[in-house]
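> got a sequence here, can you build the structure:
(one chain, ligands or ions: 1)
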Amino acid sequence: MAIAATISGPLTTPARRSATSFASLRHSSYSSSSSSSSSSSSLTRQLSFVRASKSSRRRSPSFGVSAASMSTEAAEKASPVSFLDRRESGFLHFVKYHGLGNDFILVDNRDSSEPRITPDQAVKLCDRNFGIGADGVIFAMPGINGTDYTMRIFNSDGSEPEMCGNGVRCFARFIAELENLQGEHSFTIHTGAGLIIPEIQNDGQVRVDMGEPIIKASDVPTRLPANKDQSVVKSGLDVDGVTWNVTCVSMGNPHCVTFGTTVSQDLRVDELNLAEIGPKFEHHEVFPARTNTEFVQVFSPSHVKMRVWERGAGATLACGTGACAVVVAAVLEGHAGRNCTVDLPGGPLQIEWREKDNHVYMTGPAEVVFYGSVRL
Ligand SMILES: N[C@H](CCC[C@H](N)C(=O)O)C(=O)O
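Numbers count the residues shown, from 1 in each chain. Okay, the predicted model is just below:
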């Protein structure tokens with residue numbers, strides 16, 4: 001899949017939550033349970049962390065990893081500076097995570113509100129042959145207006161989206177590791193999509209309050225004419241002479257969801273050639289900020305299957321914001337209820353579009369893959 005190395009500034013959408021709500025939010029329900037985060041990979045257990053003392057709470061844990069061979073060594077001799085804290089110029093220390101195979105390079109950027117690497121460097125690092133390989137790079141940055149942290153992300157094409165659902169689950173697990181937190185813990189995260197609240201659960205899964213969906217056509221944004229109130233719901237979109245029925249939803253980032261064409265509503269998603277059709281949706285003139293596109297097959301009112309062509313990343317194994325947009329679209333089109341299992345190529349996500357607060361909740365895993373350093 002050719003990745004166009006387009007570099008663009010942060011994509012912004014209407015604020016979905018006011019800044020004032022940050023301060024009133026509880027920060028954590030930290031429990032002292034000793035259960036380590038069950039989804040930590042065996043590699044994580046091999047890496048013996050030197051428990052950061054309270055006074056050095058800001059410092060990430062120290063562990064000994066040799067950058068070249070990735071061999072690990074007992075941390076008792078570890079330098080006082082954490083592997084992730086080392087700042088020798090020209091090197092980037094990172095942790096690789098994935099959420100259902102949607103994979104990210106996570107960077108400890110807590111000491112600055114400027115990303116440690118450029119979008120162009122992100123393109124190179126995400127290359128699966130000449131770089132680390134990932135769908136994007138995610139930065140853990142200082143919070144804003146009372147939030148615990150800020151999350152920024154560069155897609156593998158260097159563009160900067162507003163939000164990433166699988167990524168924010170990985171972000172939460174990354175923070176817990178940096179801060180030596182075990183058990184249940186929630187964080188308030190400032191993102192381009194507004195306030196997002198991931199909560200690590202005792203079983204290691206992460207439940208995320210993804211905020212409210214945006215369905216006003218001009219805010220998604222889409223140039224398609226609204227056909228239901230101010231939204232685009234099961235409206236015709238011509239792609240290469242085929243008319244697809246689409247519903248447009250934003251989760252802070254734009255999504256075009258389709259359950260089929262005007263000829264066949266019975267989509268067989270495994271038969272689609274995403275590399276051929278995906279870019280034609282992504283770059284369609286009716287999407288001024290491009291779009292993520294989800295192709296959906298309905299098994300029952302509580303069980304759907306999707307494949308996704310992501311804006312700025314192409315075909316990925318999972319898309320958290322996309323799964324949320326799919327459930328919203330499925331409810332609006334009458335295919336499903338508000339509680340749904342969404343099967344993605346990388347695995348299932350549990351999605352709930354809760355009626356009482358209009359928020360969408362996503363629950364799924366986030367796993368460490370490896371730790372590394374790379375010469376920039
Ligand atoms: N490529 C997306 C961002 C990542 C979204 C996806 N990986 C997720 O889990 O939500 C965009 O440009 O909007």
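> all helices of the stretch 151-300 of the chain, in order?
For the stretch 151-300 of the chain, the helices defined by DSSP state H, counting those that start in this stretch cover 165-178, 274-282.
> could I get these as a markdown table with distance to Ser373?
The C-beta positions use only the backbone N, C-alpha and C, and glycine is treated the same way. As requested, these are arranged in a markdown table below (distance: least, C-beta to C-beta, whole Å):
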| stretch | distance to Ser373 |
| --- | --- |
| helix 165-178 | 16 |
| helix 274-282 | 33 |
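> how about TSV for those, with distance to Gly337 and mean neighbour count added?
Shown next, in TSV, are the helices of the stretch 151-300 of the chain (distance: least, C-beta to C-beta, whole Å; neighbours: other C-beta atoms under 10 Å):
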stretch	distance to Gly337	mean neighbour count
helix 165-178	20	27
helix 274-282	26	17
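> right, and the ones you listed - which one's nearest the ligand?
With C-beta to the nearest ligand atom, the closest approach to the ligand among the helices of the stretch 151-300 of the chain belongs to helix 165-178: 3.5 Å.
> C-alpha coordinates for the closest one, CSV please?
What follows is helix 165-178, C-alpha atoms only, in CSV (Å, rounded to 0.1, in the frame of the first residue of the first chain):
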residue,chain,number,x,y,z
GLY,A,165,-9.6,4.9,19.9
ASN,A,166,-7.3,1.9,19.9
GLY,A,167,-4.5,4.3,20.5
VAL,A,168,-6.0,5.8,23.6
ARG,A,169,-6.3,2.4,25.2
CYS,A,170,-2.6,1.8,24.5
PHE,A,171,-1.9,5.3,25.8
ALA,A,172,-3.6,4.4,29.1
ARG,A,173,-1.6,1.2,29.6
PHE,A,174,1.6,3.2,28.6
ILE,A,175,0.9,5.8,31.3
ALA,A,176,0.2,3.1,33.9
GLU,A,177,3.5,1.5,33.1
LEU,A,178,5.4,4.8,33.3
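> residue ranges in the protein under the pLDDT threshold?
Residues of the chain meeting the criterion pLDDT under 70: 1-88.
> try 90
1-90, 264-266, 376 (pLDDT under 90).
> surely Lys356 is within a helix?
No: secondary structure assignment (DSSP: H, G, I helix; E, B strand; the rest coil) places Lys356 in coil, not in a helix.
> can you give me the neighbour number for it?
Lys356 is flanked by 5 other residues according to other C-beta atoms under 10 Å.
> surely Gly90 is in contact with Arg375?
Yes: using C-beta atoms under 8 Å, Gly90 is in contact with Arg375, at 5.8 Å.
> ok, the nearest residue to Asp209 once chain neighbours are set aside - contacts?
Of all residues not flanking Asp209 in the chain, Ile197 sits nearest, at 4.2 Å (C-beta to C-beta, 6 or more residues apart in numbering). Contacts for Ile197 (C-beta atoms under 8 Å, 6 or more residues apart in numbering) come out as 25, 186-189, 208-209.
> could you do Phe299 as well?
Lys305.
> close to the ligand, is stretch 197-216?
No: figure legend: stretch 197-216 not in contact with the ligand (C-beta under 6 Å from any ligand atom); closest approach 9.0 Å.
> what about that stretch, how long is it end to end?
Taking C-alpha to C-alpha, to the nearest Å, the first and last residues of stretch 197-216 lie 23 Å apart.
> now swap in stretch 269-285 and tell me
Terminal residues of stretch 269-285 lie 24 Å apart, using C-alpha to C-alpha.
> how far out from the middle of the chain is that stretch?
21 Å (C-alpha atoms, centre = their mean, to the nearest Å).
> near the ligand, which residues of this protein are found?
102, 155, 161, 164-167, 253, 292, 310-313, 316, 319-322.
> nearest to Arg110, out of the helices of the stretch 151-300 of the chain?
helix 165-178 (7.7 Å; C-beta to C-beta).
> wait, Val233 sits on Thr222?
No: using C-beta under 8 Å, Val233 makes no contact with Thr222, being 11.6 Å away.
> the two: which is more packed in?
Thr222 (27 against 20).
> number of residues surrounding the closest residue in space to the more buried one that isn't next to it in sequence?
Among residues not flanking Thr222 along the chain, Cys248 sits closest, at 4.6 Å (C-beta to C-beta, 6+ apart). Using other C-beta under 10 Å, Cys248 has 28 other residues around it.
> how near is Ala140 to the ligand?
16 Å (C-beta to the nearest ligand atom, to the nearest Å).
> list the contacts of that residue.
106-110, 149, 151, 171, 174-175, 178.
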